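> quick one, structure for this:
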Amino acid sequence: MSNRKSAISALTVALILASAHFAAAQPRYSAKQTGDIVQLRDTKTDTTVSVMTSVSNAYEMVVKGQDLIRMTFATVDDFRARPGLNGIPLLAPFANRLDEPAFYANGKKYNFDMELGNVRGPIPIHGYLSGAKDWKMVEAKADGNAAWVTNQLDFYRNPQWMQQFPFAHTLTMTYRLQDGVLEVHTRIDNLSVEPMPVAIGFHPYFQLTDSTREGWTLSIGAKTHWLLAQNKIPTGETEPIEKMFPDRRAVPLKDFDLDDVYGDLERDALRQLDRQGIALEGLHEHLHAVLEKGGALLQQQVTCEEECLPFRAPQAQRRKHEENSDVAQRATHARSSRATRSE
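All right, here's what the predicted structure looks like:
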């Protein structure tokens, strides 16, 4: 009997040791692919990010069982069929609004062909790539430090896209999950013979799960509010942000219906980086979106290879076009951050 108890005890110890060894052997980060879906996983922070590679959109970010991205579709198949403005869509080749169906670059006016249907309305908004399904996955990997997936879009291969925006280029986007933080790095390679205007953006549908929008508080890392016309086009005039928010560090969203433009973004002095952020707080949850090198969310970085020019505000572009065709040499740019109402 004693020998039997000893054997059972030895077996129990062996199983405990084996379980501990198995747990220790499990990698912290993983990138699992199923069809056109890649799931990035960080076990230590209990964070999972789901990316549909065919549209290069992170439509789900679950932290400790709570999804921080609002879902407006019933199934993943519904999202695949009509991705549109869901998840974290890319806004390109231009973001926000233009005050006419045209844009200006390199001393020229480029009119949109409205019969194509990919640019609509007298005030075009948010480009036409949010539903593009031509992205190709480059890699999905994980190591001891992070998990990531990289997708690429060859813009120049689509004749209808090029007809509206005749600047050959590629977009390469990497979603990286590290230490519970989602980073989105976007690279643009200009393949054109001329400088390419750049004004891309993202339209993330973040949400907090511990309360409704009525209880959310917004903190905006900007000093200037751009005044808008009734059609939401910037007038060119600005005002100190304090005229809109007495305390821009604690803006109760229930009191505002925001669709505004902000500039003079504050930098992260602590880390001494070219970064600025917007924070959203609920009862207990806190979401911090960090902008970096021209535009970002949850630490998102945009880089541009070869010659790229920033889009100018449409009215300023037109005035410069009328005064002097040498826009490419004399272009100036004011960086701005756009806060959109989260419902």
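> can you give me the strands in the stretch 201-343 of the chain?
Per DSSP state E, counting those that start in this stretch, the stretch 201-343 of the chain carries strands over the ranges 201-202, 217-220, 222-228, 234-240, 251-252, 259-265, 275-281, 286-292, 300-305, 308-310, 336-340.
> hmm, residue 163 is touching residue 116, no?
Yes. Assessed by CB atoms under 8 Å, residue 163 is found in contact with residue 116 at 6.5 Å. (Each C-beta comes from the backbone N, C-alpha and C, glycine too.)
> the strands of the stretch 201-343 of the chain: lowest mean pLDDT?
Sorting those by mean pLDDT places strand 336-340 lowest, at a mean of 30.
> low-confidence ranges, the stretch 51-200 of the chain, go.
Scanning the stretch 51-200 of the chain for pLDDT under 70 picks out no residues.
> so which residues of it form helices?
76-81, 159-164 (DSSP state H, counting those that start in this stretch).
> could I get the ones you listed as JSON lines with distance to residue 35 and mean neighbour count?
Shown next, in JSON lines, are the helices of the stretch 51-200 of the chain (distance: least, CB to CB, whole Å; neighbours: other CB atoms under 10 Å):
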{"stretch": "helix 76-81", "distance to residue 35": "9", "mean neighbour count": "15"}
{"stretch": "helix 159-164", "distance to residue 35": "25", "mean neighbour count": "15"}
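> same list (those helices) but as JSON lines, adding distance to residue 180.
Below are these laid out as JSON lines (distance: least, CB to CB, whole Å):
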{"stretch": "helix 76-81", "distance to residue 180": "23"}
{"stretch": "helix 159-164", "distance to residue 180": "36"}
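> which stretch among those helices comes nearest residue 95?
Each of these has some distance to residue 95 by CB to CB; the shortest is helix 159-164, at 14.8 Å.
> for residue 103, the count of nearby residues, please.
Residue 103 is flanked by 23 other residues according to other CB atoms under 10 Å.
> ok, the spatially closest residue to it that is not a sequence neighbour - contacts?
Closest residue to residue 103 apart from its sequence neighbours, by CB to CB, 6 or more residues apart in numbering: residue 110 at 5.4 Å. Neighbour list for residue 110: 102-104, 165-166 [criterion: CB atoms under 8 Å, 6 or more residues apart in numbering].
> now the strands for the stretch 1-150 of the chain?
29-34, 37-42, 47-52, 57-63, 66-67, 90-91, 102-105, 108-111, 136-142, 147-154.
> next, the residues that contact the fifth one from outside, please.
Yep, that's strand 66-67 we're talking about. Here strand 66-67 has contacts from 60-61, 207, 209, 285, using CB under 8 Å, 6+ apart.
> scan these and report the most crowded one.
residue 61 (24 neighbours).
> correct me, but that residue touches residue 45?
No. Residue 61 is beyond contact range of residue 45, at 11.4 Å (criterion: CB under 8 Å).
> okay, and the beta partners of the most centrally placed residue in the chain?
The centroid of the chain falls nearest to residue 202 when counting by CA atoms, centre = their mean (3.9 Å). In this entry, residue 202 is beta-bridged to residue 90, by DSSP bridges.
> so how far is residue 173 from it?
Taking CB to CB, to the nearest Å as the measure, residue 202 falls 10 Å from residue 173.
> over to residue 143?
Using CB to CB, residue 143 is found at 19 Å from residue 173.
> which one's more surrounded, those two?
residue 173 (24 against 11).
> which strand residues bridge that one?
residue 151, residue 186.
> go ahead and confirm it touches residue 185.
Yes. Contact criterion CB under 8 Å: residue 173 and residue 185 qualify, at 7.1 Å.
> so how many other residues sit close to the residue lying closest to residue 120 once chain neighbours are set aside?
Nearest non-adjacent residue to residue 120, counting by CB to CB, 6+ apart: residue 114, 7.4 Å away. For residue 114, the count of nearby residues is 14 (other CB under 10 Å).
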